[in-house]
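1. could you look at this predicted model? Sequence included:
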Amino acid sequence: MKEAVLENEDVLFCVLDYCDHQDRSSFLFLSRTHGSLLTSEASFKWRLERLHKERGLYAPTYRLDPPPGQTWKSTFEELWRRRDIWVGSSISKPRRVGGRSNSQSRRKNATLEKKRDTFRISVCARLKPRGVARPTRAPSKSAIERKKIALPLHQRLELIRMNRNLSSRKEALEVLRDQRGWFGALEEGSCVDGYVGDEEKNEEAVIWLNGKSSGSTSGASEDVDAEDSLDNTTSAPSLRGGIHFFDKEDGRIIVVDPTKGLREFAFNAVDDGASQSDFYDTTALPLVGDVINGHSATCLVYGQTGSGKTHAMFGPPAPAAEGGEKSLGLNAKKVAETWGIVPRACSQLFGALDHRRKSLNIEIDASVSMSYVEVFGDKVVDLLRGGAKCGQSRVAAQRFVLDGSAEVPVQSLDDAFRLLNAGEAQKRKAATAMNDRSSRAHTIFIATLRQKCTSTGADVTSRLFLADLGGSEKAKKSQPIRDSTNTSRSENADEAIADTRTKNEERLREAANINLGLLSLKRCVDALVKRQRKGNRAHIHVPYSENKLTMLLSSGLGGNNKTCIVVCAAQEEEHGPETVAALRFGQMCGGVSKTLMSVGSGATEEGARLRDLLTRIDASIARCEDNIMKHEQWVTRKENRVDERAQGSDYVEVRTTTVLVGAEKYRLEMEDLLRKRAELVGEPLNKEIGV
């Protein structure tokens, strides 16, 4: 009877609440049932609750499910290594254990722990949804120059073989010759440069194609001309650049790189911008937990201007009635789905501290202070003090921030939101062709948490760095310069022209400072990754001192801190080069990207990936067809038409029409998928449709 009671999960956990760690471990060996119960996800969630209450280590157990990409077991195993963080000086006396002093063992464990926590970076990609309203000054799509892109030969042949179920490369070459699309691009030299594979086979294929195309006799010229005229009417759509496909479940993005063809990037997570809360759970929620548990953490967003970085970090601006562009409209009493990373992190931090004061068995005093600065070139200004300069000189500006001189004590979430709203009003912003509310400098929000255990005297200071980096931009595309010649002639025309020129110089200076800061950041991240790969003993210089931005982020990027980098990108074709550059930055940070290759055994792997790409597109097409059949229906509509030619215009004709409605969005999605498939395999679009 007692064993049956203890086999109940809830009863078993209640009994174990009154046991120490050694007795809890012994329950694992009572029976297979107990072993199964104490190794389940529910048991590890219970272990995390006890670890928080008894050892002061925080985990988001208020959630029904663990954070994305984690399990309760993995979270417990990670926190268990830090279980002595609040022990403090109570274990300071050395003790001989097996011929070795306890202090020597602790030094060895500290060395192992340091190696285990060295510069861990997670990279997440966030894609701006298609169809978002374009800025008022944005150039029309027709005005954007579209460059013709051709896939490398090995990728084009592999896709043709998969699409037509061909068994040999020679048959695929025959089809490619008939399509003529790749051969036209070959004359321009754009495909040979992007081909990485067997050079002899590549040369043979090119000679074969040239021989086939130039070996046609004069007697067949009329047939060729007729075939050309037919191909012109049913030609395949040209390949579009930028993001071609992404998979949220596997964290993969496939882009069309003009220099390397189809290229896959793999990240820890891929977000489509649909939900701010899901995006926060994936990126910053684990970082806030690490800060509470004594580790500093950094989250920064990177991408081109107008890709949604500020929206991801802070959220949309407040309504006009609440301050508009000069405020975020944050209210601690009203949680909004549109909140970005910064307000959600503040809410989680204060909520966790309040919960710890009520539930911990040990007493931990905690205080929070915040800094909010803006980096513009070699200037650092304090957004919480009306835009005042930090420090007595530009040389010491970053030290003024990092040593806590720019901190403002915060007692509650209301105080934090009040500071954020005040800092928003001091930011540098301007409208460009890429973004109506473009940030013209880098902004860094720093939350400093100081904790001290009153019983052991152990004190821990940790920081959370949240950086909203200015967007990389090309002046030709963002158009920060306004034309001063269009200023209307009036009494103050000369002053208006001079003012416009001054603003143009300021916009260009802002763009240059932003790009210089991002370049320095790339160099630092590259050096840190190289240091990690070669080991901690490698003497690789990290150029933090090149820019104020990297100086401020130095303590957040290196050392024992956790880092999450969010790469923001646009899905539209006109932003293809900038999107590829942003994803390559994410690749450099995490080292989690692979380029499709066709060398030796890599050809098999590439073929599997290309086949998987076509399979996923076909599955999406089938899903769209099912949705169209479910939602589409015929609807009869009556339309009144007035005969304007009739005298008096009193004659009204009632016309009845029948139209298909209910599946418009699925038909648009279907059209986009069919076009993507046709672009990849080189088939005419009407053949994909089945005409």
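-> Perfect, I can see it now.

2. end-to-end on stretch 160-169?
-> 9 Å (Cα to Cα, to the nearest Å).

3. distance from the chain centre to that stretch, please.
-> Taking Cα atoms, centre = their mean, to the nearest Å, one finds stretch 160-169 lying 35 Å from the centre of the chain it belongs to.

4. could you give me the buried positions within that stretch?
-> Going by neighbour count (16 or more other Cβ atoms under 10 Å), the buried part of stretch 160-169 is 160-163, 166, 169. Where you see a C-beta, it was placed from the backbone N, CA and C, and this is true even at glycine.

5. can you check stretch 512-524 too?
-> For stretch 512-524, by 16+ other Cβ under 10 Å, it's 513-514, 517-518, 520-524.

6. make JSON lines from those residues and add pLDDT and secondary structure to it.
-> Putting the buried residues of stretch 512-524 into JSON lines (pLDDT from 0 to 100; DSSP: H, G, I helix; E, B strand; the rest coil) gives the following:
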{"residue": "Asn513", "pLDDT": "80", "secondary structure": "helix"}
{"residue": "Ile514", "pLDDT": "83", "secondary structure": "helix"}
{"residue": "Gly517", "pLDDT": "86", "secondary structure": "helix"}
{"residue": "Leu518", "pLDDT": "87", "secondary structure": "helix"}
{"residue": "Ser520", "pLDDT": "87", "secondary structure": "helix"}
{"residue": "Leu521", "pLDDT": "87", "secondary structure": "helix"}
{"residue": "Lys522", "pLDDT": "87", "secondary structure": "helix"}
{"residue": "Arg523", "pLDDT": "88", "secondary structure": "helix"}
{"residue": "Cys524", "pLDDT": "85", "secondary structure": "helix"}
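
7. tell me the one of those nearest Thr305?
-> Ile514 (8.3 Å; Cβ to Cβ).

8. that closest one reaches Thr443, doesn't it?
-> No. Counting by Cβ atoms under 8 Å, Ile514 stays clear of Thr443, with 11.4 Å between them.

9. from Glu54, how far out is the closest residue to Arg24 other than its chain neighbours?
-> Spatial nearest neighbour of Arg24, excluding adjacent residues (Cβ to Cβ, 6 or more residues apart in numbering): Leu16 at 5.1 Å. Using Cβ to Cβ, to the nearest Å, Leu16 is found at 12 Å from Glu54.

10. more neighbours: which of the two?
-> Neighbours were tallied for Leu16 and for Glu54 using other Cβ atoms under 10 Å; the higher tally belongs to Leu16 (18 against 15).

11. what is the neighbour count of Lys358?
-> Lys358: 6 neighbours (other Cβ under 10 Å).

12. a helix runs through it, doesn't it?
-> Yes. Lys358: assigned to a helix according to DSSP: H, G, I helix; E, B strand; the rest coil.

13. where does it land on pLDDT?
-> In this model, Lys358 is scored at 88, pLDDT.

14. for Arg81, give its distance to Asp414.
-> Distance from Arg81 to Asp414, by Cβ to Cβ: 36 Å.

15. pLDDT below threshold where in the stretch 501-650 of the chain?
-> Filtered on pLDDT under 70, the stretch 501-650 of the chain yields the residue ranges 501, 503-504, 535-538, 556, 558-560, 591-606, 643-650.

16. so where do the strands sit in it?
-> Along the stretch 501-650 of the chain, counting by DSSP state E, counting those that start in this stretch, strands occupy 562-570, 593-594, 633-642.

17. equivalent analysis for the stretch 151-300 of the chain, please.
-> Listed in chain order, the strands of the stretch 151-300 of the chain (DSSP E, counting those that start in this stretch) span 242-247, 252-257, 261-266, 269-271, 297-303.

18. identify the residues contacting the shortest one?
-> In other words, strand 269-271. With Cβ atoms under 8 Å, 6 or more residues apart in numbering as the test, strand 269-271 has contacts from 68-69, 122, 124-127, 246-248, 251-253, 278-279, 282-283.

19. now with 10 Å, please.
-> Counting contacts by Cβ atoms under 10 Å, 6 or more residues apart in numbering, the residues outside strand 269-271 that touch it are 68-69, 122-127, 246-253, 278-283, 312, 564, 566-568.

20. pull up the pairing partners for that strand, direction included.
-> strand 120-128 (parallel) (DSSP bridges).

21. anything in contact with each of Ile514 and Thr443?
-> Jointly contacting Ile514 and Thr443 under the rule Cβ under 10 Å, 6+ apart are 375-376, 469-470.

22. among these, which one has the most neighbours?
-> Counting neighbours by other Cβ under 10 Å, the top entry in the shared contacts of Ile514 and Thr443 is Val375, with 29 neighbours.

23. gap between the helix or strand encompassing it and the chain center?
-> Element membership of Val375 [criterion: DSSP states H and E] is strand 364-376. The chain centre lies 25 Å from the centre of strand 364-376; the measure is Cα atoms, centre = their mean.

24. with stretch 540-548 instead?
-> For stretch 540-548, the distance to the chain centre is 25 Å (Cα atoms, centre = their mean).

25. what residues does that stretch touch?
-> Stretch 540-548 has contacts (Cβ under 10 Å, 6+ apart) with 373, 375-380, 390, 394, 397-398, 401, 442, 513, 516-521, 523-534, 550-555, 557-558.

26. can you show me the CA trace of it as PDB?
-> Extracted in PDB, the C-alpha atoms of stretch 540-548 (Å, rounded to 0.1, in the frame of the first residue of the first chain):
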ATOM      1  CA  ILE A 540      44.900  36.400 -30.700                       C
ATOM      2  CA  HIS A 541      44.300  40.100 -30.300                       C
ATOM      3  CA  VAL A 542      40.700  41.300 -30.100                       C
ATOM      4  CA  PRO A 543      40.500  44.900 -31.300                       C
ATOM      5  CA  TYR A 544      38.000  46.200 -28.800                       C
ATOM      6  CA  SER A 545      39.700  49.600 -28.800                       C
ATOM      7  CA  GLU A 546      38.900  50.400 -32.400                       C
ATOM      8  CA  ASN A 547      35.500  51.800 -31.700                       C
ATOM      9  CA  LYS A 548      33.500  53.000 -28.700                       C
END
